[in-house]
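# sequence and predicted structure are below.
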Amino acid sequence: MLGRIVAAVPPEMTDEVLVDRLLAGGFNIYFRHVATDWSQSDNVHKEEDWLNCNPAHMRQLSDKGRADARAIGKAMRELKIPDGEVLASPYCRTIETARLMDLGKVTPSTDVMNLRAENYFGGRAAIIASARKLLATSPPPGTNRVIVAHGNVAREATPVYPGEGEGIVFQPDRNGDFKVIARLPPDRWAQLSTSLTD
C-alpha cells in the first residue's frame, strides 16, 4: 500500500551516524515552515488566496522565522548535505522559507498543500494521499529531497506533528512505505554543523 507509515518513533543514533546517512542521500527531509507571526490569520476565500504575501490577508513569517530559515540552510550547506529537488507548498510562507534556506531552485508543489485549502485540491484525503506518496518516493540517488510544507499535512499524513521550522527526516523504502529517521528542531542544524565541522 503506497505511503503506509511503518515507524512512528525515530531510532536513537549518534549525530555522526545521522549526518553520515544524510551525506549518502536517499531521504525526504520535510520541514514545517519556520516561525510565523501568529497575530496574523489566513483568509482563504477563493482559489489562489494562499499565494498572497500580504500579512493583512495571510499569515507570514516572523523575523525570527526568517533568521531560522537562513541558519538552517547555512548549516546544511556547511555539513555538505546533498540536496536535489526542493519542493514547497505554494503558500507564501512556505515558498519564502525554502528560498531563504537557499538550497537550490524552489519548485511549488500542491502534493503537500495546506489542509485549509483542501476544497480546492480534491479534499483532505487526496492531499494526505499525495503527501504520503511523495514521502514514500525516493529522491535521485545520492541526493535528499527537501520539502517545505505545513504542520497540518504532517500531522495527518505521518506520525509526526512538527513545530515551526522543525525538520523531519523520512526514509522511503522499496515497498512504497516510509519511516521516521530523525526529528531536528531549527537550532539542531547549527549544533550539528558546529560539532561536526570543527
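Received it, and whenever you're ready, just let me know what you need.
# in the longest strand anywhere in the chain, what's buried?
If you go by DSSP state E, the chain has its longest strand at strand 177-184. Across strand 177-184, burial judged by 16 or more other CB atoms under 10 Å covers 177-182, 184. No exception for glycine: its C-beta is placed from N, CA and C like everyone else's.
# what's the answer for stretch 110-124, then?
Buried residues in stretch 110-124, counted by 16+ other CB under 10 Å: 110-115, 117-118, 120-121.
# keep only those of the residues you listed that are in helices.
Using DSSP state H, no member of those sits in helices.
# contact partners for residue 86?
By CB atoms under 8 Å, 6 or more residues apart in numbering, the contact list for residue 86 reads 98, 101, 103-107, 145-146, 148.
# circling back to that earlier point, which one of the buried residues of stretch 110-124 is nearest to residue 61?
Distance to residue 61, by CB to CB, is smallest for residue 114 among the buried residues of stretch 110-124, at 14.7 Å.
# isn't residue 142 up against residue 24?
Yes: contact criterion CB atoms under 8 Å: residue 142 and residue 24 qualify, at 7.5 Å.
# now render the buried residues of strand 177-184 as JSON lines, adding distance to residue 169 and pLDDT.
Shown next, in JSON lines, are those (distance: CB to CB, whole Å; pLDDT from 0 to 100):
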{"residue": "177", "distance to residue 169": "15", "pLDDT": "90"}
{"residue": "178", "distance to residue 169": "10", "pLDDT": "95"}
{"residue": "179", "distance to residue 169": "10", "pLDDT": "93"}
{"residue": "180", "distance to residue 169": "7", "pLDDT": "94"}
{"residue": "181", "distance to residue 169": "4", "pLDDT": "93"}
{"residue": "182", "distance to residue 169": "4", "pLDDT": "94"}
{"residue": "184", "distance to residue 169": "7", "pLDDT": "95"}
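# rewinding a little: which strands or helices does the longest strand of the chain pack on?
strand 4-7, helix 15-24, strand 167-172 (3 or more CB pairs under 8 Å, 6 or more residues apart in numbering; DSSP states H and E).
# tell me what the second one is packed against?
Just to be clear, that refers to helix 15-24. In terms of contacts (3+ CB pairs under 8 Å, 6+ apart), helix 15-24 is packed against strand 177-184, helix 186-197.
# measure the closest residue to residue 32 other than its chain neighbours to residue 33 for me?
Closest residue to residue 32 apart from its sequence neighbours, by CB to CB, 6 or more residues apart in numbering: residue 162 at 4.3 Å. From residue 162 across to residue 33, the span is 10 Å (CB to CB, to the nearest Å).
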